[in-house]
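Q: 3D, please:
(one chain, ligands or ions: 1)
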Amino acid sequence: MKEYSVAIVGATGAVGRELMTGLEERNFPLKELRLLASSRSKGKKLPFRGDMLTVEECTASSFKDIDIVLFAGGSQSKEFALDAVRAGCVVIDNSSAFRMDPEVPLVVPEVNPEDISWHKGLIANPNCSTIQMVVALKPIHDAAKIKRIIVSTYQAVSGAGKDGIEELEREVKEYVKGGIDPKDLDVEKAFPYPIAFNCIPHIDSFLEDGYTKEEMKMVNETRKMFHDDSLAINATTVRVPVFRSHSESITIETEHPISPEEAREILSKAPGIILVDNCQNKEYPMAIHSSGTNEVYVGRIRKDISSENGLSMWVVADQLRKGAATNAIQIAELIVAQDNE
Ligand code: L14
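A: Model (predicted):
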């Protein structure tokens, strides 16, 4: 089997570290792994498969002799992704820069693996909240055709990277020291308000119509991967004081009737999904349980009592894993499979 020279751009960030873990855990056929990052991280050493690898500064000429480049999702995608494509690499990009480009496939392997066939060197990894939603909904869409989706997210602070994690930790410690009202906690750079003991209904920037860019990513990316521009979607995205794993409350309306029992039956056999749905036994998906795993967890499946054909459910996944690194490596595995056809 062919072995691949792979580079990670943004190796030192939260997603970069998960990409390294994923390549190791999934035993990706590597000839070589190169770690690239901004000049700030140059010279840092990170452990991989028993060795210490040194981080190099990413420049436009970093991509010679590399087969696959995984961009972790920072601002370096816009700067260097096209240089990597020009150097002949296959680029898998975690940022939002290219996702809606009609020349760029946007892929979740459980949902639309066929779309990698038309890539021109660049494949985009969807937004974390979108990924876990489409993994859960695609099997139901295939069975009963979804017409409308209403979703609210409960997004972990690690979506904002290491800064987000450190900010929640610092605020909680400050509160525990005593004598401070949560609204008076110091705010640093990750969020516009204190996130400890709070929910902030604001992720990414606001558009003129009152939705955020994060919300519109869920709308537009889902339509692109389901190949259906008529799908009605309304998203509200919220930051919550959880370290890791995004949770989502999802209500769908379908063209054909589908019962909660049928949905459970279908989802229990669907790829990448773990059904955790036994309310009588207090079993439902939770962020503290999904963290560090690669699957999408679905539970609380019930009939939407406000519409004719509808279901509500609760969907949780580790957004640094399936929402970013794992999905990107699964795309790389599709490339490997295609090469070996
Ligand atoms: O579009 O939770 O990939 O802050 C990833 C992190 C969107 C925001 C993306 C978060 C970003 C998200």
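Q: strands of the stretch 101-250 of the chain, start to end?
A: Listed in chain order, the strands of the stretch 101-250 of the chain (DSSP state E, counting those that start in this stretch) span 122-124, 146-155, 232-239, 246-254.
Q: against which helices or strands is the shortest one packed?
A: Counting contacts by 3 or more C-beta pairs under 8 Å, 6 or more residues apart in numbering; DSSP states H and E, the secondary-structure elements packed against strand 122-124 are helix 76-86, strand 90-93. Every C-beta, even on glycine, is put in place using the N, C-alpha and C of the backbone.
Q: how about the first one: buried residues?
A: If you call a residue buried by 16 or more other C-beta atoms under 10 Å, then helix 76-86 has these buried ones: 76-77, 79-85.
Q: gap between the residue lying closest to Leu122 once chain neighbours are set aside and the ligand?
A: Excluding the flanking residues, the one nearest Leu122 by C-beta to C-beta, 6 or more residues apart in numbering is Val91, at 4.7 Å. Per C-beta to the nearest ligand atom, to the nearest Å, Val91 is found 15 Å from the ligand.
Q: quick one on the thing from earlier: looking at the strands of the stretch 101-250 of the chain, which is nearest to the ligand?
A: strand 146-155 (4.7 Å; C-beta to the nearest ligand atom).
Q: quick check: angle from that closest one to strand 232-239?
A: If you take axes from the mean of the first three to the mean of the last three C-alpha atoms, to 10 degrees, strand 146-155 sits at 10 degrees to strand 232-239.
Q: strand 146-155 near the ligand anywhere?
A: Yes - counting by C-beta under 6 Å from any ligand atom, the ligand has neighbours in strand 146-155: Gln155.
Q: what pairs with that strand, parallel or antiparallel?
A: In the sheet, strand 146-155 lines up against strand 232-239 (parallel), strand 246-254 (antiparallel) (DSSP bridges).
Q: what's near enough to touch the spatially closest residue to Ser245 that is not a sequence neighbour?
A: Spatial nearest neighbour of Ser245, chain neighbours left out: Ala287 (3.7 Å); criterion: C-beta to C-beta, 6+ apart. Ala287 makes contact with 154, 156, 242, 244-247, 316 under the criterion C-beta atoms under 8 Å, 6 or more residues apart in numbering.
Q: what is the most widely separated pair among these?
A: Of all pairs drawn from the contacts of Ala287, the greatest distance, 12.1 Å, lies between Tyr154 and Arg244 (C-beta to C-beta).
Q: separation between Glu24 and Ile123?
A: Remark: distance between Glu24 and Ile123 (C-beta to C-beta, to the nearest Å) = 22 Å.
Q: again, but for Lys224
A: In this view, Lys224 and Ile123 are 13 Å apart by C-beta to C-beta.
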